[in-house]
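Asker: after the sequence you'll find the predicted model.
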Amino acid sequence: QVQLVESGGGLVQTGGSLRLSCVASGGTFSIYTMGWFRQAPGKEREFVASISWSGSNTDYSHSVKGRFTISRDNAKKTVDLQMNNLKPEDTAVYYCARYILAYAYTAGRESSYSYWGQGTQVTVSS
């Protein structure tokens, strides 16, 4: 059974930084693309970033590109999201997710991810 557990959320001021981490258990982590998504109050969940199984490919949503960096450590079974220059509009619950197929990569499609963490709250104050 695959489990994903996020951590690192919290309250930060505008312009600050946070680093989210997601640790996986069960399954073979190193052969799956991983992604980060977020859901703000009253809004649909949206794509934030993705990273291929080897780490060689990454993609970001337009709203976070240049501020957020996704990375992974296959030995530790973790995927991180470094968030810099945070803005109030980044406030959301952040979820990590595992892609549905091994050795496959398509950024941005929520339906392509089959396992999800419970989420971690990020709040950016103005």
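Answerer: Done, it's in.

Asker: phi, psi of residue 111?
Answerer: Backbone torsions for residue 111, taken as degrees, to the nearest 10, come to phi -70, psi -10.

Asker: can you give me the distance of it to residue 35?
Answerer: To residue 35, residue 111 is 12 Å away according to C-beta to C-beta, to the nearest Å. For every residue, glycine as well, the C-beta is placed using N, CA and C.

Asker: how about residue 20?
Answerer: In terms of C-beta to C-beta, residue 20 sits 12 Å off from residue 35.

Asker: which of those two has more neighbours?
Answerer: residue 35 (28 against 24; other C-beta atoms under 10 Å).

Asker: just give the nearest non-adjacent residue to the residue nearest the centre of the chain, would you?
Answerer: The centroid of the chain falls nearest to residue 36 when counting by C-alpha atoms, centre = their mean (2.1 Å). Once flanking residues are discounted, residue 36 sits nearest to residue 48: 4.3 Å by C-beta to C-beta, 6 or more residues apart in numbering.

Asker: ok, now residue 86?
Answerer: Per C-beta to C-beta, 6+ apart, closest to residue 86 is residue 124, 4.6 Å.

Asker: secondary structure element for the one you found?
Answerer: Assigned by DSSP states H and E, residue 124 belongs to strand 120-125.
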